[in-house]
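Student: Below is the sequence, then the predicted model.
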Amino acid sequence: MNKIQQYIAENEAAMMNDLFSLIRIPSISALPEHKSDMTLCAERWKELLLQAGADEVEIMPSAGNPIVFGKKIVDPSAKTVLVYAHYDVMPAEPLELWKSQPFEPEIRDGHIWARGADDDKGQAFIQVKAFEYLVRHNLLKNNVKFIFEGEEEIGSPSLEAFCEEHKELLKADVILVSDTSMLGADLPSLTTGLRGLAYWEIEVTGPNRDLHSGHFGGAVANPINVLCGMIDKVVDGDGCITISGFYDDVEEVSKAERDMIANIPFDEEKYKKAIGVKALFGEKGYSTLERNSCRPSFDVCGIWGGYTGEGSKTVLPSKAYAKVSCRLVPHQDHHTISNMFADYIVSIAPETVQVKVTPMHGGEGYVCPITLPAYKAAEKGFEIAFGKKPLAVRRGGSIPIISTFEKVLGIKTVLMGFGLESDAIHSPNENFNLDIFRKGIEAVVEFHQAY
């Protein structure tokens, strides 16, 4: 057991108490009734950052939820690492599928179980505890700044303006983020690319009130039927998005990168079994790992209308709704795609209904050069902590603010994430592997030593 591992073992009980104090705060940015919890969580992070060794920590206002900013300057001439994380979490519903209370964390089978255990309170905590170790052992050679926001799960609508206003405050050499995942517990990996995102709500209106389906069925268009039909036209049988011009700016991945992706250890049968499906579906001509990382996609995230209560009600509904999204790839502008999609849906709507498409949020994709010195330092940190060199992989998720950081602050980001697919982020029974939590702290310590 080395010194870092010994420190973690000796302090783990206190670490869990502190992490659990964060998790117990239901900081759900999507629900306005949790507005006060956002402030409580920001205040708790302030306490923990000061406790870890930050010289100054402020809770700063934004157009939305407060932003936590902290720093420790060891030498004005030294390199500066800006650590980004988010303290907001996804709603926990459906609650009945949780095996334990989502905001009352438990340790079972070597995992922390709770909403936010991984995304992003657990991963952010790794960064802070690594910083704490370095401070307490007089090993910190980089200046470190922290920016923790409370709106990532709703698209970071306030952070770009905050960055524009505080460019000097946020000045750094690199941004370090732990909010991504690895290929597996025994397959450490560094994320080199993220997909962008565009998100909409569709509202379809038919008759001016809900109608009796016996009296009107067959004579009046049903908004739910129409909505389903329109959605079905967005993707064809080969998994291609049918919107004219959608692929115009899609970057074709080079043969070298496609070969690299093909060499990533991947068991498709195990993948299907883990998510409980008999077969996979996606864009023709691409592998599963290409489809979910470097190709765009379209998904219905939610759909509703009519009667959904207990029992039956023979109703032809007045309205139907859907929330839909596209994952985008580098060079696809989310504003352009947003307008393109809205125009397409309106163009295919029949005269029997009225359609309204409301853009919600979005962001650009991002690619990190593997030649970046900070990337090399992260690579070394992983290699020491996990015992093997991490693979370089693109991931299918989106962190829209990452491309904004580059655009506004002119700083590249290294995505040093420690999650696993099995952590079930955004789903019931979110969890975080304790062994990976420990190795994550060690990897971040070693990053700072190598950078």
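Tutor: It's in.
Student: The helix-or-strand element of the chain with minimal mean pLDDT - contacts with which helices or strands?
Tutor: For the chain, the helix or strand with the lowest mean confidence is helix 255-262, at a mean of 87 (criterion: mean pLDDT, DSSP states H and E). For helix 255-262, the contact count by 3 or more C-beta pairs under 8 Å, 6 or more residues apart in numbering; DSSP states H and E identifies helix 288-291, strand 391-394 as packing neighbours. C-betas here are computed from N, CA, C, even on glycine.
Student: worst average pLDDT in those?
Tutor: Mean pLDDT per stretch puts strand 391-394 lowest among the helices and strands packed on helix 255-262, at a mean of 92.
Student: from the chain's centre, how far out does that one sit?
Tutor: 17 Å (C-alpha atoms, centre = their mean, to the nearest Å).
Student: go on, stretch 282-291?
Tutor: Worked out by C-alpha atoms, centre = their mean, stretch 282-291 lies 21 Å from the chain centre.
Student: do stretch 159-167 as well
Tutor: That offset, for stretch 159-167, works out to 20 Å (C-alpha atoms, centre = their mean).
Student: got the buried residues for it?
Tutor: For stretch 159-167, the neighbour count (16 or more other C-beta atoms under 10 Å) marks Leu159, Glu160, Phe162, Cys163, His166 as buried.
Student: quick one: the strands in the stretch 301-450 of the chain?
Tutor: 315-316, 319-328, 354-363, 366-367, 391-394, 413-415, 431-433 (DSSP state E, counting those that start in this stretch).
Student: just to revisit the earlier point, tabulate the buried residues of stretch 159-167 (a markdown table), appending distance to Ala221, secondary structure and pLDDT.
Tutor: Putting these into a markdown table (distance: C-beta to C-beta, whole Å; DSSP: H, G, I helix; E, B strand; the rest coil; pLDDT from 0 to 100) gives the following:
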| residue | distance to Ala221 | secondary structure | pLDDT |
| --- | --- | --- | --- |
| Leu159 | 42 | helix | 97 |
| Glu160 | 41 | helix | 96 |
| Phe162 | 46 | helix | 98 |
| Cys163 | 46 | helix | 98 |
| His166 | 51 | coil | 98 |
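Student: would you turn those residues into CSV with distance to Arg44?
Tutor: Below are the buried residues of stretch 159-167 laid out as CSV (distance: C-beta to C-beta, whole Å):
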residue, distance to Arg44
Leu159, 20
Glu160, 25
Phe162, 20
Cys163, 24
His166, 22
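Student: taking those residues as a set, which two sit the farthest apart in space?
Tutor: Farthest-apart pair in the buried residues of stretch 159-167 is Glu160 and His166; separation 11.3 Å (C-beta to C-beta).
Student: joint contacts of those two?
Tutor: Counting by C-beta atoms under 8 Å, 6 or more residues apart in numbering, Glu160 and His166 have no common neighbour.
Student: For the residue nearest to Ala424 when sequence neighbours are not counted, give me its contacts.
Tutor: Among residues not flanking Ala424 along the chain, Glu430 sits closest, at 5.0 Å (C-beta to C-beta, 6 or more residues apart in numbering). By C-beta under 8 Å, 6+ apart, the residues touching Glu430 are Pro102, Trp113, Ala114, Arg115, Gly116, Ala117, Asp118, Asp119, Asp423, Ala424.
Student: in the least confident helix or strand of the chain, what counts as buried?
Tutor: Glu257, Arg258, Met260, Ile261.
Student: for stretch 394-411, same thing?
Tutor: By neighbour count, with 16+ other C-beta under 10 Å as the criterion, the buried positions of stretch 394-411 are 394-406, 408-409, 411.
Student: now swap in stretch 316-332 and tell me
Tutor: 316-330, 332.
Student: Between those, which sits nearest Arg136?
Tutor: Closest to Arg136, out of all of the buried residues of stretch 316-332 and judged by C-beta to C-beta, is Pro330, at 40.1 Å.
Student: one step back: between the buried residues of stretch 159-167, which is closest to Asp267?
Tutor: Looking across the buried residues of stretch 159-167 and measuring by C-beta to C-beta, the closest to Asp267 is Leu159, at 37.8 Å.
Student: per-residue confidence at the spatially most distant residue from the centre of the chain?
Tutor: Going by C-alpha atoms, centre = their mean, the residue of the chain most distant from its centre is His215, 46.8 Å out. pLDDT recorded at His215 is 96.
Student: which secondary structure element contains Leu197?
Tutor: With elements taken from DSSP states H and E, the one containing Leu197 is strand 196-205.
Student: picking up where we left off before, list just the nearest of the contacts of Glu430 to Thr352.
Tutor: Ala424 (40.8 Å).
Student: And that closest one, how far from Gly302?
Tutor: The gap separating Ala424 from Gly302 is 18 Å, by C-beta to C-beta, to the nearest Å.
Student: do the same with Thr371
Tutor: From Thr371 to Gly302 the distance is 41 Å (C-beta to C-beta).
Student: and if you look at Cys294?
Tutor: 26 Å.
Student: if you count what's nearby, which of the two comes out ahead?
Tutor: Ranked by neighbour count (other C-beta atoms under 10 Å), Cys294 and Gly302 place Cys294 first, with 25 against 9.
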